[in-house]
Every structure is written in C-alpha cells, then in structure tokens.
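A.B. asks: quick one: sequence plus predicted model below, questions after.
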Amino acid sequence: MNAKQLIAAVAVFAATGSTFAADTTEYVDFNGVQSTKTRAEVRSAIQQGPAAQSKEYVEFINVASTRSRDEVRKEAVQAARSSRADNTYFGS
C-alpha cells in the first residue's frame, strides 16, 4: 500500500467514523420537563403499583439483620472452603 492509498483510507475512515458517531447518540435532555405530580404522589404510586405486588420486588427499607457480622463472615468462609471447583456452574 503506498502513501496515497493510506492517506485516502484514513480520510474515508475519519469521515465515516464521525458521521456514524453523530447518528448513534441516545441522549435526551429532560431539563425542561415539568412534573405534574408531587413527590408524595410518586412514592404512593410506587408502593401501590404493579412492582409492589410482584414476587420479585423486595423493598429493603429499615430491614434489621438478625445475625451478627461475625456470624455472616464465618458462614461465608465455611461456604468457600466447602465448595469444590468441579461443582461450579458455568452456564449452558
């Protein structure tokens, strides 16, 4: 490849790269949006909405642990020692 072809390739790459980069932006500016609900109304809707009835939704607000930090740490160490490399799940 001679210098003329190299310069042409770089110019084409630079031109198409900047063109495609401008088209792929997904930024949406929400600075001018005015809310029609108060913060209390939004929180109430979240608590009563479909996410609250979902079995997968768990809200961890003011949840007190019944075990000490040392108990949890000992359990984690024991689990790490008892696990074997051949029973590790890798997917599929």
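C.D. replies: All right, it came through fine.

A.B. asks: all helices of this protein, in order?
C.D. replies: Assigned by DSSP state H, the chain shows helices spanning 3-23, 39-48, 50-53, 69-82.

A.B. asks: any chance of these in TSV, with mean pLDDT, distance to residue 33 and mean neighbour count too?
C.D. replies: In this view, the C-beta of every residue, glycine as well, is placed from N, C-alpha and C. Below are the helices of the chain laid out as TSV (pLDDT from 0 to 100; distance: least, Cβ to Cβ, whole Å; neighbours: other Cβ atoms under 10 Å):
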stretch	mean pLDDT	distance to residue 33	mean neighbour count
helix 3-23	68	24	9
helix 39-48	85	14	10
helix 50-53	66	22	10
helix 69-82	89	43	10
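
A.B. asks: to residue 62, which of those lies closest?
C.D. replies: Among the helices of the chain, the nearest to residue 62 by Cβ to Cβ is helix 39-48 (14.1 Å).

A.B. asks: of all the helices of the chain, which lies closest to residue 29?
C.D. replies: For the helices of the chain, proximity to residue 29 was assessed by Cβ to Cβ; helix 3-23 is nearest, at 16.1 Å.
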